[in-house]
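K.L.:
Okay, predicted coordinates and the sequence, questions at the end:
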Amino acid sequence: MTQEMNIINNSIGNGNFEYVKEKRSRDLLVNAWQAISLTEMWDFVKQPIDSFVWTSDPRTEIITKKMSELGFNEHSSTSFGWTMRTMQYIAQHGEEKFKADILSIHQ
């Protein structure tokens, strides 16, 4: 693993999302985190992207294929969009910020 990937992984966390209480949401996030990590697409996800759902960028297809290979292919357009925007937020701001936001909502 490169030094750059180590730095990225430190900010994006471990991919467990144990603090996300709702199981389905947690499963979506874990699957996407793993798919993006395995395809090394964090730099892509971090970019400003108008729509993950309606994009013709082949990198999105690479991620969705990996999600399916990892056992999850039940996304609706809405769930895919939410999941990828969440991954984008984590890529841009870090998992600690995402975790703090989630925990502050559920207090």
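P.N.:
Great, that's in hand. Numbering: from 1, shown residues only.

K.L.:
Name all residues that make contact with the residue most central in space within the chain.
P.N.:
For the chain, the residue nearest the mean C-alpha position is residue 87 (2.9 Å; Cα atoms, centre = their mean). With contact set as Cβ atoms under 8 Å, 6 or more residues apart in numbering, residue 87 has these partners: 29, 32-33, 36, 45. The way it works is simple: take the backbone N, C-alpha and C, and place the C-beta from them, glycine included.

K.L.:
Check whether residue 66 sits in a helix, strand or coil.
P.N.:
When classified by DSSP: H, G, I helix; E, B strand; the rest coil, residue 66 comes out as helix.

K.L.:
what about the closest residue in space to it that isn't next to it in sequence, helix or strand, and which?
P.N.:
Among residues not flanking residue 66 along the chain, residue 35 sits closest, at 3.9 Å (Cβ to Cβ, 6 or more residues apart in numbering). According to DSSP states H and E, residue 35 maps onto helix 23-38.
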